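Undergrad: Turn this into a structure:
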Amino acid sequence: MIAPLSWLKEYVDITLTPKELGEKLTEVGLGVEKITKTSDDTIFELEITPNRPDLLSIIGIAREIAAIENKKIKYPKPKTNLEPTAKILPMTIKTDSSINPRFTGIIIKGVAIKESPAWLKEKLQSINQRPINNIVDITNYVMFELGNPLHAFDYDKIEGHEMHVKKAQGTEKFISVDGLSYVLPKNAVIISDKKKVIDLCGIKGGQNSATTNETKTVFIRVPVEDPVLIRLTSQSMGLRSQASSIFERGVNKGGTVDALKRCVDLILEIAGGTGTGASAEVASSLYDIGHDFKSWKLKLRKERLNKILGIEIPAKKTLEILEALNLLPISTKDNIECTIPTYRNDLKIEEDLIEEVARLYGYNNFPKTLPIGQIPTKTIPYFKDYNLDEKVKQIFRASSFSEIYTYSLISESDLSLVSINPDNVIRIDNPISREFEYLRPTLKINLTKALYQNKANFNKKINLFELGKVYLGKNLDEVREEYFLSGISNEKNFFEIKGIIERLFEEIEVREDPSGFIETTEEGIFFEINISEVFKKMTEQKAFIPLPKYPPIIEDLNIVARENIKTLDLMKNINDQSNLIKNVSLLDQFEDSRTFHITYQHKDRNLTNEEVAKIREKILKSLKEKFNARLKE
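TA: Predicted structure coming up:
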């Protein structure tokens, strides 16, 4: 929002210097992005938060300055009472309050369309607006001044003198005032006359009803639009305007008549008064259709104010702040009742009033204190340790795997790739397409597709992994989300993949055999781990193990055993033969022979070859007795 200092001074006496004013505005929550000094003015550029549409106007910013300086605001005084002074012209208006909560308007005849006077053009140029003609310039001026968007129609171009406010069907063509052609999206709020669309409400007017130099009679409309519908249409069409920015945040619902009076005063003066060559007159009664929006009451408990803020603000100071904000406070023993003006849509609950008191009192005036209370020891619901995720990812990246992210939604044909029955998978009720119909029960589908795509395009060795959600179960009472870690490779063999997973389990201190997570595919090796379940098995207490002082003795034993004997059972049996065996791992495997890598170590002294030979003999004896396994000759 651009606000010239000279324009602000028309409504409030400002004694602060521009620098001081910028600092104060920032303190109360208006982000001052830039202050520019020109030859005869100072321009403030402000960042307005979405909850304060009242600040998208010069008068709104002036109200904040008046509250800061504890001054009275000087509102423009209307000269007209909107009573018709000419013969009433016909107009039929049909609207729907669910899509157009308030429709305020009036007809003015006898206007002369011409160039705006210098003061009006200068005002608009100071806020980077291009002057067009006196009628359009007046509507823009009033919108920026008071914050209520207005639009002027050429009355004689409205077929049948009928205005129907409705939702678009989604096929209508529309040419805006700037000559651009659009096909309107469904549910856009529009106005049509007897034959055609003449206005895209809240966003842009139509070329077929715009004012020109030949216009003699105008219809001025000041609406309240539905914020959701305006936002959806604006996003769908890629169209934004000052009006749409105001409407989608929430316009001042009680300000339409005041804005119309201001506009009519200026039109009668600039486009139809003495020296204009015209004699403009109000030619209809006031149209004010829809809800009659009133101010509302909001109570502030004094005890709660002090409890929430953590300090005790004097009652007199609290009342001064609320009065400065035009909230008409009435104090009782325990409470302060405020009357909220319609331009403050953001004040809905007691905490909103507390925030108003705090920001005007000044956050810098609050004493600096340390937080009180206890550090929580219980994990909050849905807590996720992203440090663990990063640790997992680092291990696989270091092992030459590339991470991918894929869609959670898949197609029925995708399920057939891994022979999964669609009846056992969660289906979306209203999928956007057949390609995104089911929630994935495994990461294998997208990893396999990614492998084929990369191989076809780049013809190279590929290692991919993904850490993401899968969706398990079918019935509503058993559906659950789980985090899975999956990967696919056409380069690494079974033992390399196993080693990487072992490294992961070692890092997070989980005792699991990686072999059960790995399967062989036509293209290489695939693995899938329910990482949610694995994380649950982590050891919370970390033990510090100092580096050993004495070197280990390492040897490899090639053991011949039946293929149906599990490697894990053989490793466990070897490890159980002596507490001097510190580590046993599978080094290689071919047919019925498996080579085990064994580390022997004593923490207090060096081991001798004779001691290791005795342990080896014990290992071979145990393997023979339990598994009928032997040392390969």
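
Undergrad: ok, P149 - contacts?
TA: P149 makes contact with M143, G202, V222, P223, Q242, A243, I246, F247, V251, according to Cβ atoms under 8 Å, 6 or more residues apart in numbering. For every residue, glycine as well, the C-beta is placed using N, CA and C.

Undergrad: of those, closest to I35?
TA: Among the contacts of P149, Q242 lies closest to I35 (Cβ to Cβ), at 21.5 Å.

Undergrad: how about the contacts of P149 in TSV, adding distance to D346, neighbour count and secondary structure?
TA: As requested, those are exported to TSV (distance: Cβ to Cβ, whole Å; neighbours: other Cβ atoms under 10 Å; DSSP: H, G, I helix; E, B strand; the rest coil):
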residue	distance to D346	neighbour count	secondary structure
M143	20	23	helix
G202	20	27	coil
V222	21	29	strand
P223	21	28	strand
Q242	19	17	helix
A243	20	26	helix
I246	14	23	helix
F247	15	26	helix
V251	13	30	coil
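
Undergrad: V28: which of those residues is nearest?
TA: In terms of Cβ to Cβ, no member of these lies closer to V28 than I246, at 20.9 Å.

Undergrad: Show me where the stretch 251-400 of the chain dips below the pLDDT cut-off.
TA: Within the stretch 251-400 of the chain, the segments meeting pLDDT under 70 span 273-278, 381-382.

Undergrad: show me where it has strands.
TA: 281-282, 287-290, 296-301, 330-331, 335-340 (DSSP state E, counting those that start in this stretch).

Undergrad: Now E47. Nearest residue, chain neighbours left out?
TA: G31 (3.5 Å; Cβ to Cβ, 6 or more residues apart in numbering).

Undergrad: Run a quick neighbour tally on the one you found.
TA: Counted with other Cβ atoms under 10 Å, residues neighbouring G31 total 12.

Undergrad: For it, give its distance to S419.
TA: Going from G31 to S419 by Cβ to Cβ, to the nearest Å gives 57 Å.

Undergrad: Show me how the chain divides into domains.
TA: Domain assignment for the chain by automatic domain parsing gives 2-69, 92-290, 296-363, 386-536, 553-631.

Undergrad: Looking at these, which one is packed in the most?
TA: Stretch with highest mean neighbour count among the domains of the chain: domain 92-290 (a mean of 19; mean count of other Cβ atoms under 10 Å).

Undergrad: Determine how far that domain lies from the middle of the whole chain.
TA: Relative to its parent chain, domain 92-290 has a centroid offset of 31 Å by Cα atoms, centre = their mean, to the nearest Å.

Undergrad: sorry, back to before: export the contacts of P149 to a markdown table and tack on distance to F174?
TA: Below are those laid out as a markdown table (distance: Cβ to Cβ, whole Å):
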| residue | distance to F174 |
| --- | --- |
| M143 | 21 |
| G202 | 14 |
| V222 | 21 |
| P223 | 17 |
| Q242 | 19 |
| A243 | 16 |
| I246 | 21 |
| F247 | 18 |
| V251 | 22 |
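
Undergrad: out of the strands of the stretch 251-400 of the chain, nearest to S181?
TA: S181 sits nearest to strand 287-290 of all the strands of the stretch 251-400 of the chain, at 30.1 Å, using Cβ to Cβ.

Undergrad: Strand partners (parallel or antiparallel) of the closest one?
TA: Strand pairing for strand 287-290, using DSSP bridges, gives strand 102-109 (antiparallel).
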